[in-house]
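Enquirer: Sequence first, predicted coordinates after that:
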Amino acid sequence: MSSSCLEVLLELVPSGEIYSSLLSGGLTLAYNDEEINILVMSEKFLSNRIDNVKQKMKLYNHDPDLQIKSEELYMAVCNCILHCTQWLDEKGSAFFQQSRYGKDIKDSRQNMMKKAQEFEETIKICFMREKVPSEFQQEQIGLLMANQTFSACLHGLESTFVVLRDEKSLQSTDSLSTLSYLCGLIAHTLISPGLWPLTFFCGLHIVENAAFKGAQGLMRAIALQLMKVFGETVFSVPGVDLAMIGQKLAMEDLDVICSVFSMLLDSIPAGVVYLLIDGAHHYGTEMRTADMCAVMRFLNHLVERMRANHRGLVLKVIVTNPTSRQQHTWDFEAETVELERQLLAGGHRGINV
């Protein structure tokens, strides 16, 4: 199916806040059970995600990988709508009967969220492909890669938490910086057996209709990435239920989402997990500072726990561009590399990258 055909089909799916409010309110008044909560969350998710799909397909509709992911997402959306309408039809004919479509709604919604995550990851790749670092930015990256602290973080066998900061980029409104390119490079080069990079670019999740925004969106996104990599391993653990995980990740509760990520991390085998969080200053607003602080403390706690356990799993957290004020609120010491100091020490030219 071509991307132009998909755009036409997507126009048939209602979207927008007015529609969402009316439908969600009406359904909540009419029904009061577990399935309706899932359905309302699905409808809101559909509205925002479809608006995103329309925009991104027009921008990168030439990319073959994106065309495949767009088709998969569209089919997942249609399947979710099918199960939702079946559920509503059954409720209309048998108001007090137990719904036999509840599990279908849960499963289809989880599949839709998975396809949406894959779609968004492909968008990021498309975005990074079109952005080529300048010669100066390449030199900056080379200096950082030669830094002893950062090199030890990348190649050492101990869990660690490292902050990279470029003061100049903090003054810019650009979504991506030199350190964003570095994160993209690390994520691309570290994909191999036993090494698993997880990425989140805060600057790409600041628009109003972003699917994963704020501290909750950050933790939700990296949890879904873990599920994508270790799905079979995680769900083979006794007592782990896909529907339960999906429900918890959909909750607007940061502590619950963090607990899911911790559970997923504990379920995977030995190896090295790189967690790359880029552009933390984008989440330095008054409304988001407290939640981001909670996430940083939680991740540092995980790093300390991995160090103490010695069970073969290493967690390396790399956070780029928090402001000094943000980092101070975290209330723990983290290895910090200042890009400006590296430039002063190494100079601007003659760096091999």
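Expert: Here it is on my side, so go on.

Enquirer: Please look at residue 111 and residue 79 and confirm they touch.
Expert: Yes. Counting by CB atoms under 8 Å, residue 111 does reach residue 79; the two are 7.0 Å apart. Quick note: C-beta positions are derived from backbone N, CA and C, even for glycine.

Enquirer: Need the pLDDT of residue 341.
Expert: Note on residue 341: pLDDT of 75.

Enquirer: For it, give its distance to residue 302.
Expert: Between residue 341 and residue 302 the computed distance is 28 Å (CB to CB, to the nearest Å).

Enquirer: more crowded one of those two?
Expert: residue 302 (21 against 14; other CB atoms under 10 Å).

Enquirer: Check which helix or strand the closest residue to the more buried one other than its chain neighbours maps to.
Expert: Spatial nearest neighbour of residue 302, chain neighbours left out: residue 315 (5.8 Å); criterion: CB to CB, 6 or more residues apart in numbering. In the assignment (DSSP states H and E), residue 315 maps to strand 313-320.

Enquirer: Give me the helices and strands touching whichever helix or strand comes after that strand, please.
Expert: The helix or strand immediately downstream of strand 313-320 is helix 324-330, counting by DSSP H and E. The contact analysis (3 or more CB pairs under 8 Å, 6 or more residues apart in numbering; DSSP states H and E) places helix 324-330 against helix 286-309.

Enquirer: what does stretch 191-200 contact?
Expert: Contacts to stretch 191-200, defined as CB atoms under 8 Å, 6 or more residues apart in numbering, come from residues 124, 183-184, 186-187, 190, 212, 218, 221-222, 225-226, 229, 270-278.

Enquirer: For it, the averaged confidence score.
Expert: 88.

Enquirer: Straight-line length of that stretch, end to end?
Expert: 16 Å (CA to CA, to the nearest Å).

Enquirer: Mind listing what's buried along that stretch?
Expert: Neighbour-count burial for stretch 191-200, counted by 16 or more other CB atoms under 10 Å, picks out 196, 197, 198, 199, 200.

Enquirer: Out of the residues you listed, the closest to residue 288 would be?
Expert: residue 200 (13.7 Å; CB to CB).

Enquirer: can you give me phi and psi for the closest one?
Expert: The phi and psi values for residue 200, taken as degrees, to the nearest 10, are phi -150, psi 120.

Enquirer: Return the set of residues that bridge with it.
Expert: Applying DSSP bridges to residue 200 gives these bridge partners: residue 277.

Enquirer: Reformat the buried residues of stretch 191-200 as JSON lines; add distance to residue 169.
Expert: Listed next are these as JSON lines, based on distance: CB to CB, whole Å:
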{"residue": "196", "distance to residue 169": "27"}
{"residue": "197", "distance to residue 169": "21"}
{"residue": "198", "distance to residue 169": "22"}
{"residue": "199", "distance to residue 169": "18"}
{"residue": "200", "distance to residue 169": "17"}
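
Enquirer: list the buried ones in stretch 113-120?
Expert: Neighbour-count burial for stretch 113-120 flags 113, 114, 115, 116, 117, 118, 119, 120 (criterion: 16+ other CB under 10 Å).

Enquirer: Tell me where the stretch 151-300 of the chain has strands.
Expert: Taking DSSP state E, counting those that start in this stretch, the strands of the stretch 151-300 of the chain run over residues 160-165, 195-201, 271-278.

Enquirer: circling back to that earlier point, identify all contacting residues around the strand holding residue 315.
Expert: By CB under 8 Å, 6+ apart, strand 313-320 touches 153-154, 157-166, 177, 179-180, 182-183, 186, 265, 268-280, 296, 299-300, 302-303, 306, 334.

Enquirer: Which among the residues you listed count as buried?
Expert: Buried among the contacts of strand 313-320 (16+ other CB under 10 Å): 153-154, 159-166, 177, 179-180, 182-183, 186, 265, 268, 272-280, 296, 299-300, 302-303, 306, 334.

Enquirer: Need the pLDDT of the residue lying closest to residue 284 once chain neighbours are set aside.
Expert: The shortest distance from residue 284 to any non-neighbouring residue, by CB to CB, 6+ apart, is to residue 326 (5.0 Å). Note for residue 326: predicted pLDDT of 95.

Enquirer: picking that back up, pairing partners for the strand holding residue 315, with directions?
Expert: Counting by DSSP bridges, strand 313-320 is paired with strand 160-165 (parallel), strand 271-278 (parallel).
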